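Participant: Sequence below, structure please.
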Amino acid sequence: MAVGTVKWFNDAKGFGFIEPEGGGADVFAHFSAVQMEGFRTLKQGSRVEFELVQGPKGNLAQNIRPAEGALAPAQQAPA
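Facilitator: Next comes the predicted model:
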């Protein structure tokens with residue numbers, strides 16, 4: 001499993017990019033690869049785990065989910 005940070009995600013278009021931890025080219029993320037109930041989206045700045053696969057236009061993420069130990073922004077404890 002690869003780990004990275006959501007660089008940006010457009011809810012209206014259903015895609016965005018993940019910046020892999022440790023560097024390298026950004027990875028394409030499609031809403032259909034997001035593993036969650038309800039409306040599938042990713043929040044900018046969230047840490048995620050994903051499987052890196054080679055697509056026809058470059059790297060893409062599959063089976064995207066919150067990284068182990070990472071809380072979703074709405075679940076973070078107040079500062």
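
Participant: What is the neighbour count of Met36?
Facilitator: 13 (other CB atoms under 10 Å). From N, CA and C alone the C-beta is placed, and that goes for glycine too.

Participant: and what of Val53?
Facilitator: 12.

Participant: again, but for Gly24
Facilitator: 12.

Participant: Now do the contacts for it.
Facilitator: Residues near Gly24 by CB atoms under 8 Å, 6 or more residues apart in numbering: none.

Participant: quick one: the one helix or strand Lys7 maps to to chain centroid distance?
Facilitator: Following DSSP states H and E, one finds Lys7 within strand 2-10. Remark: strand 2-10 is offset 4 Å from the chain centroid, using CA atoms, centre = their mean, to the nearest Å.

Participant: Helix or strand next in line after that strand, which one?
Facilitator: strand 15-20.

Participant: Need the residues that contact the helix or strand just after that next one.
Facilitator: Downstream of strand 15-20, the first helix or strand assigned by DSSP H and E is strand 27-30. For strand 27-30, the external contacting residues (CB under 8 Å, 6+ apart) are 2, 4, 6, 9, 14-20, 42, 50, 52, 55, 57-61, 64.

Participant: Show me how far strand 27-30 is from its chain's centre.
Facilitator: 7 Å.

Participant: cool, stretch 49-56 as well?
Facilitator: 11 Å.

Participant: swap in stretch 5-18?
Facilitator: That offset, for stretch 5-18, works out to 8 Å (CA atoms, centre = their mean).
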